[in-house]
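Chemist: A predicted structure for the sequence below; I have some questions about it.
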Amino acid sequence: CRIEAVVQTLLAGDAETRAMLPNLISTLRQFFDFVRQVSHNEYWLQEDADFVAAIFKPIMHKFIFKFGDIDHAMLEDVCGSLLTYYRTLAKLGVISGESFREFDKAILGLKPELIKKMEKYNAVRHDRSVPEEKKEALREELFEGDHAWPHL
């Protein structure tokens, strides 16, 4: 129901805001589904910005590793969608303004690091001339072992 509340709130916005809704909802659903799959956690992430902020880095490490076609646009879309979602929940009073500010700070602080890691990994991900051992060493370095965890 939180996604529905966000949709209803954003529908009252301008035409540009309404136009972004399908992409926003699709991204949020895919992201939350991904987190549930890799964490095997039934904890409902949609209402806890503090929890998502605390595990965002390992989640995104796993996300970058799992998706072979992740690029700047996809990473920006995930970060932007989460920020819009939690900002709207804060405006509705579902989460505290302080939780949103901490979430915003954490996500925006991690984004440059995640982009660099994504770029480094994408440079060798599909390169058949790079031995698998070197790829795994790079994964370990970039993702700090998070890519290998069966659960977060």
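Modeler: Arrived safely. Numbers count the residues shown, from 1 in each chain.

Chemist: Show the pLDDT at the residue of the chain positioned farthest from its centre.
Modeler: Here the chain reaches farthest from its C-alpha mean at S129, the gap being 30.3 Å by Cα atoms, centre = their mean. Among the per-residue scores, S129 shows a pLDDT of 93.

Chemist: heads up, I number from 580, so please use that
Modeler: Let's use 580 as the start, then, which means that last one is S708.

Chemist: Next one: it from K714, what distance?
Modeler: To K714, S708 is 11 Å away according to Cβ to Cβ, to the nearest Å. To be clear about C-beta, it is placed using only N, CA and C from the backbone, and glycine gets the same treatment.

Chemist: what's the distance between the residue most central in space within the chain and A591?
Modeler: Closest residue to the average C-alpha location of the chain: V657 at 4.7 Å, with Cα atoms, centre = their mean. Relative to A591, V657 is positioned 25 Å away (Cβ to Cβ).

Chemist: What about the nearest residue to G676 once chain neighbours are set aside, how many residues nearby?
Modeler: With Cβ to Cβ, 6 or more residues apart in numbering as the criterion, G676 has its nearest non-adjacent residue at 5.2 Å, and that residue is A669. The burial metric for A669, expressed as a neighbour count using other Cβ atoms under 10 Å, is 19.

Chemist: tell me the contacts of A669?
Modeler: Going by Cβ atoms under 8 Å, 6 or more residues apart in numbering, A669 touches 628, 675-676, 678-679.

Chemist: quick revisit: angles on the backbone of the residue nearest to the centre of the chain, please.
Modeler: Phi and psi for V657, reported as degrees, to the nearest 10, are phi -60, psi -50.

Chemist: Quick one, grab the pLDDT at the residue nearest to G676.
Modeler: With respect to pLDDT, A669 has a value of 94.

Chemist: Please apply the same query to S618.
Modeler: S618 carries a pLDDT score of 67 in this model.

Chemist: Give the residue spans of this structure that score low on pLDDT.
Modeler: Applying pLDDT under 70 to the chain flags residues 618-626, 726-731.
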